[in-house]
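Okay, predicted coordinates and the sequence, questions at the end:
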Amino acid sequence: MSASRSKAAGAGRPYRFAFDIGGTFTDLVIMGPDGRLAAGKCLTRPSAISAAVSDGLARLLTREAIPAAQVREVVSGATTLVTNLIIERRGAATGLVTTRGFRDVLEIRREFRYDVYDLSATFPEPLVPRWLRLEVNERVDRDGAVLVPLDPEEARQAILTLREAGVESLAVCLLHSYRNPVHERLIGEVAAALAPGLSVSLSCDVLPELREYERTTAAVLNAYVRPFIGRYFEELERMLRELGIEATLHIMQSNGGVISREFAERFPIRMLESGPAAGALAGAHLGRQARIPDLLCFDMGGTTAKACLVSEGRPDITTEFETARAHRFKKGSGFPVKLPVIDLIEIGAGGGSIAHIDTTGLMKVGPRSAGASPGPACYGLGGEEPTVTDADLLLGYLDPDYFLGGEMPLDPERAERAVRSRVAERLGISVTEAASGIYRIVSENMAAAAKIHAAEKGRDIRGCTLLAFGGAGPVHAREVARRTGITRVLVPPNAGVLSAIGLLVAPVQVDSVKTGFMRLGEFDRKKVDEAFAEMEAQALTTLTRMGIPARQVAFERSADMRYVGQGYEIMVPLREGSLGDPSRLLQAFYRTYTRCFGRHLTNVAVEALSWRLTARWQTAIAQRRLPRGRHRGAAPPKGQRRAYFAEIGRRVMVPVYDHYALEPGTSIGGPAIVEQRESTAVVGPRDRVTVDPRRNLLLSVGAPRP
C-alpha cells in the first residue's frame, strides 16, 4: 500500500493494526478502511518485546504515510509470550491453596507415561514448589453438597502465610469446586481483604470442570503468568500512546477468537498458541473465499512449523493441548491445558532449524533452532551453524538482496561457510548437495508429522489442498506436498504475515464449560437448560461490556461425551433441537465418533460429562484489496537466477516473478520462483502455477519421478 493510496483512503478514517509475536520474527499488518493492507516483519526481541513491536510499527506507519491517530483498533497475538514465561520459569512467585489431602496433585499427575519404555522419563517440575502449596480443611461432594464447611480463619492463615513467603500470585483449586464454588469464592474474598495487591486465580473461573490434576494445573498456569501479562499490556498501551495511538486493544486467544484486554488479563492462559490459531483461522477464511473447504494449513516460520486440518471450512478444535513439554515433541510430557484450542501440531522445523551430523554420521535437521539471536549464519548477526534458511539461500530459492523486501540483506558467503564446514566436509559432499539434503530432510520431517496427525484423526490428506504461509512455508510447500501425496498448493498474497492477518478476521469469542455428568438414559433436560442459560448469561455480560449488542451474538453448543467405561471423551457439536431429544444427542455422538475413529458401537451406553458453549460475534471484515498488476495479460519476469532442483540434479536458470504483478488468469510452468515481500514461493520443474481471481497462487504439483 503506497503513500498515495493510503492518503486516498480518506483522512480521519480508521485503520486496524495487528501483530503476532513469533519465535524469530514479529509480523505486523495494518488494514485500511478500503481493505488495502500494509505488512512488515521485524526480528523478535525476547528481552524487549514491546520495543520491537513499537519500532516495527513506527517504520510501517512512516513507510505507508499513515497517521498514527487513525489507527483505532489494535489486535495482539502473542505466540511465544505466555509460553516462554512458563518454559523459561520467569513467571510470578505463585502459591496454591487446595483441599486437605490434595497438596501433591501437581506431582502425582496421572498414571499415563508418554514413553513406556523409558525408565528415566521426566516431566516438567511443578511451577509451585511444595512449601508454597497449602491445604485447608473443607469438603464438597461431587454433587456440590457441602460436607465440611471451610473455616474462614483457616483461609485467612493460609493467605497470610503465603503473603509472608513473598507470593505474588495465588491459585486456588478445591475438590469439586466446579459443582459448587462457594469455598473458592470465600478464599478469594479473604485474599482481596488481606492482600489487595495479590493476583488470585480460582479454578472455578479458569476451568470449571472435573479432573483435579488438569483443573489444578490450569489454575496454577494462569496464576503463574497473570502478573507479567498485566504488566505487558500496560507497557503495550503506553507504547501505543507514545506513538500517538489511542486504540481499542483486543487480544487473540488460542480458541480462534479475540477478546478484551480486561478478559485476557484475567485469563492469560487462553493466549497460549494464539498466533498459530490466528493463522489457521485466516487459512479457513481464505479457503471459504476460494471455495476450497478441505485444507491442510501449513505455517512454517523461523523457529517451528505448524499444521492444522480445516474441514468444511472450519479448523478442528480440541481440548487436548500441552505446554512446556519436557520433550518438546513428545505428547504427554508437558502441562495439560484443557481449554478449547485450535487443533495444531508443532514440528521443530523452521527457517532457523539447525542442521548437524549426529553420532551415527547421519545428517539431521532440528529441532534445535538458531532463533532470532544469533539467527541463521546468513543473517550476519553472529550465527555460525547451518540452518534451513542458509540452505534455501544457497539453493537459489531466496534473493539475498530482497529478503523482507530488501530491508534485511542476506550473506551467501557466511551461509556457504557454515554449510561447508559443519555438514558438507564432514559428509564428503558438495555444498549444493548438503544444502539440498537439508531442504529435503526438513520437508520430509514436516510431511511425516502432517501424515501422522491426519492419520490419528482418521483423515486422508491427499484430497486436501495445502495452504502454505509463514516466511518459509511457500519455499517448502511443494516439496511437503509431494511427500504427502497432495497435488494442489495454495499460496495467498502476504503469505509471510498471514497469522497477523488472521487476527483481523477473528471473531470476538468467549468459551464456557460446565460439568454436568449424566447418562443419556437418565437425561435431565432441565439441568442441561439451566447450565446453558447460566453460561449464556455470563458470556453476554462479558461481550456487552465490550459494547457488543446482545442480539448480534451467536451461540454454539457442544457436549463432552463418551461410552460408559471409557476414560476420555470427545467433543460433540450439538445442532438446534438436539438438547431436547436424547436420541438426537445419541446420533450426534455416533456421527462424531465415526468421524474420529471410523466406526461406532450401538450396544454400549453413552454418557455426557460436560456441556460447552461458544458465544461469538463476527466483526465486520473489510473486503481485502490488492494493488492492480502493472501489465495486461502475462507479466514478464522481474529477473532470473540459478536454482537447484533435486529432481533434475542440477542448477537451472529460472524466471523470478513479482506476485503482485501477476494478473488473475496468469499461468506459469515450472521451474519458476514467485516472490512476495515477506515470503517466496518455489515452483518445481514439473509444476504449474495459476493466479486465481483473488490473486492466490494455485500450484499444481507434478508427480514425482519414478
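Done, it's in.

Does Arg459 belong to a helix, a strand or coil?
The three-state assignment at Arg459 reads coil, by DSSP: H, G, I helix; E, B strand; the rest coil.

what residues are up against it?
309, 311 (Cβ atoms under 8 Å, 6 or more residues apart in numbering). No exception for glycine: its C-beta is placed from N, CA and C like everyone else's.

quick thing: my sequence starts at 12, can you match it?
All set: I'll call the first residue 12, so the last point we hit is now Arg470.

How about the backbone phi and psi for it?
Arg470 adopts backbone torsions of phi -110, psi 150, taken as degrees, to the nearest 10.

Shouldn't Arg299 be within a strand?
No: with three-state DSSP as the criterion, Arg299 is helix rather than part of a strand.

CA atoms of stretch 273-287 as PDB?
Output of stretch 273-287 as PDB, limited to C-alpha atoms (Å, rounded to 0.1, in the frame of the first residue of the first chain):
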ATOM      1  CA  GLU A 273      -9.500  -7.000  30.700                       C
ATOM      2  CA  PHE A 274     -10.700 -10.500  30.000                       C
ATOM      3  CA  ALA A 275      -7.300 -11.600  28.600                       C
ATOM      4  CA  GLU A 276      -5.600 -10.200  31.700                       C
ATOM      5  CA  ARG A 277      -7.800 -12.300  34.000                       C
ATOM      6  CA  PHE A 278      -7.300 -15.500  31.900                       C
ATOM      7  CA  PRO A 279      -3.900 -15.200  30.200                       C
ATOM      8  CA  ILE A 280      -3.700 -19.000  29.900                       C
ATOM      9  CA  ARG A 281      -6.200 -18.600  27.000                       C
ATOM     10  CA  MET A 282      -3.500 -16.800  25.000                       C
ATOM     11  CA  LEU A 283      -1.300 -19.900  24.600                       C
ATOM     12  CA  GLU A 284      -0.600 -20.700  20.900                       C
ATOM     13  CA  SER A 285      -2.700 -17.700  19.900                       C
ATOM     14  CA  GLY A 286      -0.600 -16.800  16.800                       C
ATOM     15  CA  PRO A 287      -0.800 -20.200  15.100                       C
END
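
which parts of it are buried?
Under the neighbour-count criterion of 16 or more other Cβ atoms under 10 Å, stretch 273-287 has 274-287 buried.

got it, and stretch 604-620?
604, 611, 617-620.

can you list the domains in the chain?
Per the record, the chain has its domains at 14-96+242-281, 97-241, 519-628, by automatic domain parsing.

Pull up the distance across the shortest one, start to finish.
Domain 519-628 has its terminal residues 5 Å apart, counting by Cα to Cα, to the nearest Å.

Now do that domain: distance to the chain's middle.
The chain centre lies 24 Å from the centre of domain 519-628; the measure is Cα atoms, centre = their mean, to the nearest Å.

now do the second one
The gap between the average C-alpha position of domain 97-241 and the chain average comes to 26 Å, counting by Cα atoms, centre = their mean.

Which single helix of the protein contains the most residues?
Secondary structure assigned by DSSP state H gives helix 223-253 as the longest helix of the chain.

Quick check: buried residues in it?
223-241, 243-244, 246-248, 250-251.

do the same with stretch 484-497
For stretch 484-497, by 16+ other Cβ under 10 Å, it's 484-497.

what do you get for stretch 75-94?
For stretch 75-94, a neighbour-count test (16+ other Cβ under 10 Å) marks 75, 77, 79, 81-82, 84-94 as buried.

which one of those residues sits closest to Arg27?
Nearest to Arg27, judged by Cβ to Cβ, of the buried residues of stretch 75-94 is Glu84 at 4.6 Å.

coming back round to it: as JSON lines, the buried residues of stretch 484-497 with distance to Ala202 and secondary structure would be great.
Below are those laid out as JSON lines (distance: Cβ to Cβ, whole Å; DSSP: H, G, I helix; E, B strand; the rest coil):
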{"residue": "Gly484", "distance to Ala202": "46", "secondary structure": "helix"}
{"residue": "Pro485", "distance to Ala202": "51", "secondary structure": "helix"}
{"residue": "Val486", "distance to Ala202": "52", "secondary structure": "helix"}
{"residue": "His487", "distance to Ala202": "50", "secondary structure": "helix"}
{"residue": "Ala488", "distance to Ala202": "51", "secondary structure": "helix"}
{"residue": "Arg489", "distance to Ala202": "56", "secondary structure": "helix"}
{"residue": "Glu490", "distance to Ala202": "55", "secondary structure": "helix"}
{"residue": "Val491", "distance to Ala202": "50", "secondary structure": "helix"}
{"residue": "Ala492", "distance to Ala202": "54", "secondary structure": "helix"}
{"residue": "Arg493", "distance to Ala202": "58", "secondary structure": "helix"}
{"residue": "Arg494", "distance to Ala202": "54", "secondary structure": "helix"}
{"residue": "Thr495", "distance to Ala202": "52", "secondary structure": "helix"}
{"residue": "Gly496", "distance to Ala202": "56", "secondary structure": "coil"}
{"residue": "Ile497", "distance to Ala202": "53", "secondary structure": "coil"}
